[in-house]
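Trainee: pasting a predicted model and its sequence here:
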Amino acid sequence: MKILARTITALLVAATAGCATTTSRTLSTEPTLTVYCHEGELSRCDLAASGPSQGDLTTWWADVHADLPESRDPDDSPRIGIASGFSITTSPNHDFGDGRLHEFRASNFNLRWFDSEDQIIVYGLHDYANEGGQLINACRRPVIGGTGRFLDRPGLAAVTPEGDDWFRVDLFLLD
């Protein structure tokens, strides 16, 4: 029995050591890709107590553009895809003692390109710090999956409001 236990232990140590020496992947320091989203519609569904409360649902969609037009008119930049998502309020009035009530939401954000089956899925928790539903501050969330050219390319999505319903999405994907 001791020989069997030692053999199993040795095999587990060898397997663990082998896993620890695998090649690691790193995120690029520059965005792999940047797109711009022009918000089409945002809808906040008050599903629980009146006003901001745990369980409220926010859904939205936006047209995806390769460039932010200088005019800020979405008609001046061709649409290359669609973005869509939802968030669920998980902590509506979190007080950190900074004089503001923070609203945390778990969010799902999807990007889909029109010319292919390429998609990216982003998911994470963010402090919205407002009651209106719209993102007003920059956020960073993990890219958890993708299809097509984004298959097996997790990473990070940095979303930055650009004003006038525009958002820049910088994708930092594993190579």
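Mentor: Sure, I can see it.

Trainee: quick one: distance of the strand or helix carrying T58 to the chain centre.
Mentor: Taking DSSP states H and E as the definition, T58 sits inside strand 57-65. How far strand 57-65 lies from its chain's middle: 13 Å, per CA atoms, centre = their mean, to the nearest Å.

Trainee: what of stretch 75-91?
Mentor: 11 Å.

Trainee: returning to that earlier point: helices or strands up against the strand holding T58?
Mentor: strand 33-45, strand 79-95, strand 101-113 (3 or more CB pairs under 8 Å, 6 or more residues apart in numbering; DSSP states H and E). Using the backbone N, CA and C atoms, a C-beta is placed for each residue, glycine as well.

Trainee: I'd say I144 and L156 touch.
Mentor: No: using CB atoms under 8 Å, I144 is not in contact with L156; the gap is 10.5 Å.

Trainee: out of the two, which sits in the busier spot?
Mentor: The neighbour count for I144 versus L156, taken as other CB atoms under 10 Å, is higher for L156 (19 against 14).

Trainee: burial count for the closest residue to G85 other than its chain neighbours?
Mentor: Excluding its sequence neighbours, the residue lying closest to G85 (CB to CB, 6 or more residues apart in numbering) is F109, at 4.1 Å. Per other CB under 10 Å, the neighbour tally for F109 reads 25.

Trainee: deepest-packed of the helices and strands packed on strand 57-65, please.
Mentor: Looking across those with neighbours counted as mean count of other CB atoms under 10 Å, the highest average goes to strand 101-113: a mean of 19.

Trainee: partners of that strand in the sheet?
Mentor: With DSSP bridges as the test, strand 101-113 is paired with strand 79-95 (antiparallel), strand 119-127 (antiparallel).

Trainee: tell me what angle the shortest one forms with strand 33-45.
Mentor: Strand 119-127 and strand 33-45 meet at an angle of 60 degrees, taking axes from the mean of the first three to the mean of the last three CA atoms, to 10 degrees as the criterion.

Trainee: who touches the residue nearest the centre of the chain in this structure?
Mentor: Centroid-nearest residue in the chain, with CA atoms, centre = their mean: V122, separated by 3.1 Å. Contact analysis of V122 by CB atoms under 8 Å, 6 or more residues apart in numbering lists 85, 107-111, 141-144, 157.

Trainee: for T59, same thing?
Mentor: T59 touches 42-43, 45, 84-86, counting by CB under 8 Å, 6+ apart.

Trainee: change it to 7 Å
Mentor: By CB atoms under 7 Å, 6 or more residues apart in numbering, the contact set of T59 is 43, 86.

Trainee: so where's this structure shaky on pLDDT?
Mentor: The chain contains residues with pLDDT under 70 at 1-23, 129-134, 136.
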